[in-house]
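Q: Give the three-dimensional model of this entry:
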Amino acid sequence: MTNSTRLSYFILGAFFDTGHFKYLVFVIVLCLYVLIIVSNLLLIVVICMNRSLHEPMYLFLCSLFVNELYGSTGLFPLLLIQVLSDIHSVPVPFCFLQIFCIYTYASIQFCNLAAMSYDRYQAICCPLQYNAHMTSHKVTVLICGAWLYPFVCMSVLISLSIPLQLCGDTIDKVYCDNYSIVKLACSDTTVNNVYGMFYTASLIVMVLLICYSYLRIFKVCFSGSKQTRQKALSTCSPHLASLINFSCGCFFEIVQNRFDIKNVPNIIRIFLSLYWLTCQPVFNPIMYGLNLTKIHVTCKKVFFSKR
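A: Sure thing, here's the model as predicted:
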């Protein structure tokens, strides 16, 4: 029986030998990481530099794009190192740091989407009171809350996992995962499981509140004029698409963690475990950049006005 504080490394057991193809995989992963950085950073700069975009909806979007950079940085650097490495080991402190980054990223994502759905609800269902309700102070509180709440909750989660006594050191993933570490424990994990269920339930409640907000929004849309309906759908459709995409990715990850799917090919299991961490940072800038007219027009003005 080994105490987790005495372990030097965790082994990432999902990697398999790709021979010389590992250099091709490295280039593909690196290009994906560069694409994520450039696209999200581009939209952050556009929103920050253009005063006409300093509105609640775009400030929430800016928070969303910053979170994409944060989550990607928590995953890709270590993943790139592991792709080229022949021994897929991670020092224990770095492993827990990656868990903290990845889990807070996922939680902040849901919190940001919840804040955005509340903003759209106020804009469409209560348009006359919108400016009174969505003050700069409230927007600041919502954004700070969307970041602070996950950081506090994940600090508690990590503090519960570090003291666990472990019977193994192999994580069956291509990145560090808290649930996989808890499964390695020889000691009692009741507190960890109860806390994990409580926190997951809080995220599910958040998703249900988001869905309720959009149901109210659609009710107003379909009872209003065609112009109102088109305007509402144009601003809400990217948010809904982002929510569905990320929720599906998280669902794949939960299914993979909770159920034995070892009969599924390893490459598919790797894809499903990476989908929720890689697709969203690529998907969001494209979705919002193309569908929100104000961002689309501002990007054209910034980068093509001189031409």
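
Q: where does the residue nearest the centre of the chain land in three-state SS?
A: In the chain, the residue lying closest to the centroid (C-alpha atoms, centre = their mean) is A106, at 3.7 Å. Assigned with DSSP: H, G, I helix; E, B strand; the rest coil, A106 falls in the helix class.

Q: show me the contacts for D86.
A: Neighbour list for D86: empty [criterion: C-beta atoms under 8 Å, 6 or more residues apart in numbering]. Backbone N, C-alpha and C define where each C-beta goes, glycine included.

Q: Quick one, grab the pLDDT at it.
A: At D86, the model reports a pLDDT of 82.

Q: so what's the backbone phi/psi at it?
A: Note on D86: backbone dihedrals following degrees, to the nearest 10 are phi -90, psi -20.

Q: so where do the helices sit in the stretch 151-300 of the chain?
A: Ranges of helices within the stretch 151-300 of the chain are 178-183, 190-223, 226-258, 266-291, 293-304, based on DSSP state H, counting those that start in this stretch.

Q: and G19, how many neighbours?
A: 6 (other C-beta atoms under 10 Å).

Q: check contacts around it.
A: Counting by C-beta under 8 Å, 6+ apart, G19 has no contacts.

Q: Could you tell me whether it really is in a helix?
A: No: per three-state DSSP, G19 lies outside any helix segment and is coil.

Q: how near is it to L80?
A: 18 Å (C-beta to C-beta, to the nearest Å).

Q: Ends of stretch 180-199, what's the gap?
A: 17 Å (C-alpha to C-alpha, to the nearest Å).

Q: now it: how far from the chain's centre is it?
A: 22 Å (C-alpha atoms, centre = their mean, to the nearest Å).

Q: contacting residues around that stretch?
A: By C-beta under 8 Å, 6+ apart, stretch 180-199 touches 1, 4, 10, 95, 99, 153, 156-157, 160-161, 164-173, 178-179, 257.

Q: ok, now stretch 121-132?
A: Against stretch 121-132 from outside (C-beta under 8 Å, 6+ apart): M57, H133, M134, S213, R216, I217, V220, C221, A232, T235, C236.

Q: circling back: so which of the contacts of stretch 180-199 sit within strands?
A: Mapping those onto strands (DSSP state E) picks out F10, Q165, L166, T170, I171.

Q: Report the separation between the second one and V297.
A: As for Q165, its distance to V297 is 58 Å (criterion: C-beta to C-beta).

Q: more neighbours, those two?
A: Neighbour tally, Q165 and V297, criterion other C-beta under 10 Å: the higher count belongs to Q165, 16 against 11.

Q: tell me the pLDDT at the more buried one?
A: 87.

Q: quick one: it from L184, how far?
A: For Q165 relative to L184 (C-beta to C-beta), the value is 9 Å.

Q: what does V34 give?
A: Relative to L184, and taking C-beta to C-beta, V34 is found at 34 Å.

Q: repeat for T135
A: On the measure of C-beta to C-beta, T135 and L184 end up 48 Å apart.

Q: what's the answer for Q227, then?
A: 58 Å.

Q: Compare the two and say which is more crowded by neighbours.
A: Between Q227 and L184, counted using other C-beta under 10 Å, the more crowded position is L184 (20 against 8).

Q: how about whichever helix or strand V66 is part of: buried residues?
A: V66 belongs to helix 56-84 when assigned by DSSP states H and E. Neighbour-count burial for helix 56-84, counted by 16 or more other C-beta atoms under 10 Å, picks out 56-72, 74-76, 78-79, 82-83.

Q: before we move on, what about stretch 146-159?
A: Quick answer for stretch 146-159 (16+ other C-beta under 10 Å): A146, W147, P150, C153, M154, L157, I158.

Q: Please produce JSON lines containing the residues you listed, extended by pLDDT.
A: As requested, these are arranged in JSON lines below (pLDDT from 0 to 100):
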{"residue": "A146", "pLDDT": "94"}
{"residue": "W147", "pLDDT": "96"}
{"residue": "P150", "pLDDT": "94"}
{"residue": "C153", "pLDDT": "93"}
{"residue": "M154", "pLDDT": "94"}
{"residue": "L157", "pLDDT": "93"}
{"residue": "I158", "pLDDT": "94"}
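
Q: of these, closest to F15?
A: Distance to F15 across the buried residues of stretch 146-159 (C-beta to C-beta) is lowest for I158, with 23.8 Å.
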